[in-house]
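> sequence and predicted structure, then a few things I'm wondering about:
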Amino acid sequence: MNSTPTVDDLRNALVDQIVAKKPLPPRVERALRTVHREVHLPGLDPAVAYSNRAITIKENPEGPLALSCASVPSTVAMMLGQLDAQSGDRILEIGAGTGYNAALLSEIVGEDGEVTTIDIDADVTQHARDALNKAGYQHVRVMERDGLEGAPEYGPYTRMIGTVGFWDIPATLRAQLIDGGRLVLPLRWRGQTRSVVLNRQGEALYCHDMELCGFVPIVGQDGEHTLDLADSTVRLHHDQDQDVDPARLNDALTQSAAETWSDVRVGGEESFDGIWLRATAFEDTVCRLEATRAAVENGLRRPVIIGRSPALVAGGSLAYLISKRDDGDPERPSLLGAAHLGPDGADLAKRLVAHITAWGADRTATPNLAIYPAGTPDSALPAGHVIEKTDSRVVLSFA
């Protein structure tokens with residue numbers, strides 16, 4: 001006779017599923033097997049609480065993205081592994097969420113450590129406080145605070161983690177991290193987001209690992225802008241420093257796209273986000289194209305992923321990633337290429353295909369990434385492609 005699984009059974013089964021795909025540091029695995037996620041998601045069926053998916057805890061009445069959510073457990077585990085916190089660490093968490101991550105951090109740092117979690121939303125901090133109290137983590141500090149300001153009165157911190165998406169890293173946060181300390185956060189540039197591991201050395205932050213992810217953006221940063229095009233059936237997400245011409249792009253989108261193809265193939269489950277990442281290390285033109293089914297029905301050549309595909313955009317021209325079925329290789333049946341529109345579209349497509357080809361030759365390569373304060377002179381930067389942000393100069397390069 002089958003028995004109903006207990007909460008402990010559900011929790012351990014989820015952790016087993018996570019570690020089967022990628023081993024975790026022992027401290028992180030032990031915390032995941034100890035902390036009760038269902039306490040932080042009251043009223044939810046435990047089977048759902050221990051599913052490997054995000055759970056919205058506060059809707060956003062003004063947009064499609066939630067104001068706050070409980071992150072996918074495998075992503076939580078991945079970022080805690082990146083943070084590599086130790087017993088006795090002083091940790092600042094930006095984005096309190098349900099309080100679950102703060103409870104995990106508290107287990108990891110132990111009685112000799114400290115965890116401070118902050119959030120700008122009073123409802124979110126109250127939810128986190130109540131759940132932490134109920135779960136026995138009354139010692140975790142919860143503060144209603146703008147995440148971009150941090151909590152300097154309880155710093156400096158040996159570790160910092162962001163559980164909301166950042167477009168830039170404020171100088172105020174860098175200043176609260178000890179020299180030699182580690183910062184892990186979802187960083188967004190050129191329309192894509194990576195969970196980056198940044199170690200502070202003096203005033204610079206050097207990346208030691210990056211993983212693809214997606215997070216609710218932090219309140220208060222507006223360096224990424226969105227253009228509604230083609231009667232709002234196409235959206236272009238671009239950074240504030242990029243050259244885009246809405247009127248000319250709308251004209252271009254009334255045309256039929258031409259196509260340029262690479263010789264690179266991908267399998268059905270194979271990730272090709274590395275093309276996007278690679279392009280950001282060489283181009284100031286990389287954006288995110290978001291199309292709708294209505295746009296495709298109206299004649300737009302379908303992007304490789306309809307809701308989030310890399311595009312190179314300059315003025316009134318663009319090229320974006322596309323694919324087509326080609327049975328020349330049954331293990332990798334899809335061929336990658338570029339659709340292009342506008343007077344300079346062919347040149348942009350040629351450049352995008354070059355990035356596809358370079359990625360195809362080394363599909364696991366990631367760029368070096370370093371972040372310096374705004375105002376750092378060029379002579380003090382390493383060789384590489386520089387992306388200018390408000391508080392930072394981001395340098396990307398391939399060795």
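Here it is on my side, so go on.
> name the helix or strand for residue 249, please.
helix 246-252 (DSSP states H and E).
> which parts of that helix are buried?
249, 250, 252 (16 or more other C-beta atoms under 10 Å). For the C-beta atoms, the positions are set from N, CA and C on the backbone; glycine is no exception.
> kindly report the same for stretch 270-286.
Neighbour-count burial for stretch 270-286 flags 272, 274-286 (criterion: 16+ other C-beta under 10 Å).
> put the alpha carbons of that stretch into CSV.
Coordinates of each C-alpha in stretch 270-286 appear next as CSV, following Å, rounded to 0.1, in the frame of the first residue of the first chain:
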residue,chain,number,x,y,z
GLU,A,270,20.8,22.4,-26.2
SER,A,271,21.2,25.9,-24.8
PHE,A,272,22.6,28.5,-27.1
ASP,A,273,22.4,31.5,-24.8
GLY,A,274,26.2,31.5,-25.0
ILE,A,275,25.9,33.2,-28.4
TRP,A,276,24.1,36.1,-26.7
LEU,A,277,26.8,36.3,-23.9
ARG,A,278,29.6,36.1,-26.4
ALA,A,279,28.2,39.0,-28.5
THR,A,280,28.1,41.3,-25.4
ALA,A,281,31.9,41.0,-25.2
PHE,A,282,32.3,42.6,-28.6
GLU,A,283,29.2,44.6,-29.5
ASP,A,284,27.5,47.7,-28.2
THR,A,285,24.5,46.8,-30.4
VAL,A,286,23.2,43.7,-28.4
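> tell me the strands in the stretch 151-300 of the chain, going along the chain?
Ranges of strands in the stretch 151-300 of the chain, per DSSP state E, counting those that start in this stretch, are 157-162, 177-189, 192-201, 204-212, 224-229, 234-239, 258-266, 286-291.
> show me what the second one is packed up against.
Using 3 or more C-beta pairs under 8 Å, 6 or more residues apart in numbering; DSSP states H and E as the contact criterion, the secondary-structure elements in contact with strand 177-189 are helix 73-83, strand 157-162, strand 192-201.
> what lies in contact with the first one?
Contacts of helix 73-83 with the rest of the structure, by C-beta atoms under 8 Å, 6 or more residues apart in numbering, involve 14-15, 17-18, 21-22, 24-25, 28, 31-32, 37, 50, 52, 91, 100-101, 104-105, 108, 159, 161, 163, 182, 184, 195, 197, 209, 211, 213.
> same check on stretch 144-160?
83, 85, 89-95, 114, 116, 118-122, 125, 141, 143, 162, 164, 170, 172-173, 175-178, 181-185, 218-221.
> give me the low-pLDDT residue ranges for this structure?
1-2, 58-68 (pLDDT under 70).
> what's the distance between the spatially most central residue of it and residue 57?
Nearest to the mean C-alpha position of the chain, counting by C-alpha atoms, centre = their mean, stands residue 193 at 3.2 Å. The spacing between residue 193 and residue 57, counted by C-beta to C-beta, to the nearest Å, is 20 Å.
> same check on residue 103?
On the measure of C-beta to C-beta, residue 103 and residue 57 end up 15 Å apart.
> can you check residue 122 too?
For residue 122 relative to residue 57 (C-beta to C-beta), the value is 14 Å.
> residue 282 now?
39 Å.
> what do you get for residue 34?
22 Å.
> so which of these two has more stuff around it?
Taking other C-beta atoms under 10 Å, residue 34 and residue 57 do not tie; residue 57 has more neighbours (19 against 13).
> tell me which element the more buried one is part of?
Here residue 57 is assigned to strand 55-58, by DSSP H and E.
> please name the strands paired to that strand in the sheet, noting orientation.
Under the criterion DSSP bridges, strand 55-58 sits next to strand 68-70 (antiparallel) in its sheet.
> what's the residue nearest to residue 238 when sequence neighbours are not counted in contact with, if anything?
Once flanking residues are discounted, residue 238 sits nearest to residue 287: 4.4 Å by C-beta to C-beta, 6 or more residues apart in numbering. Neighbouring residues of residue 287 by C-beta under 8 Å, 6+ apart: 190-191, 236-239, 242, 244, 310-313, 318.
> residue 322: which element?
strand 317-325.
> now the element after that strand, going C-ward?
Using DSSP H and E, the helix or strand that directly follows strand 317-325 along the chain is strand 334-341.
> what angle do the very next helix or strand once past that following strand and strand 258-266 make?
Once the chain leaves strand 334-341, the next helix or strand it forms, by DSSP H and E, is helix 345-361. Angle, helix 345-361 to strand 258-266, by axes from the mean of the first three to the mean of the last three C-alpha atoms, to 10 degrees: 0 degrees.
> which helices and strands does helix 345-361 pack with?
Under the contact rule (3+ C-beta pairs under 8 Å, 6+ apart), helix 345-361 is packed against strand 258-266, helix 273-280, strand 309-314, strand 317-325, strand 334-341.
> out of those, nearest to residue 361?
Closest approach to residue 361 among the helices and strands packed on helix 345-361 is made by strand 258-266 (8.7 Å; C-beta to C-beta).
> could I have that closest one exported to CSV, CA atoms only?
Output in CSV follows, covering the C-alpha atoms of strand 258-266 (Å, rounded to 0.1, in the frame of the first residue of the first chain):
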residue,chain,number,x,y,z
ALA,A,258,16.2,38.6,-45.4
GLU,A,259,18.1,35.7,-43.9
THR,A,260,21.8,34.9,-43.5
TRP,A,261,22.8,31.4,-42.3
SER,A,262,25.7,30.0,-40.3
ASP,A,263,26.9,26.4,-40.5
VAL,A,264,26.2,25.9,-36.7
ARG,A,265,23.7,23.4,-35.6
VAL,A,266,22.0,22.8,-32.2
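> if you count neighbours, what's buried in it?
For strand 258-266, by 16+ other C-beta under 10 Å, it's 260, 261, 262, 264, 265, 266.
> can I get the residues you listed in JSON lines including distance to residue 43?
Formatted as JSON lines, the buried residues of strand 258-266 follow (distance: C-beta to C-beta, whole Å):
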{"residue": "260", "distance to residue 43": "52"}
{"residue": "261", "distance to residue 43": "52"}
{"residue": "262", "distance to residue 43": "50"}
{"residue": "264", "distance to residue 43": "48"}
{"residue": "265", "distance to residue 43": "47"}
{"residue": "266", "distance to residue 43": "42"}
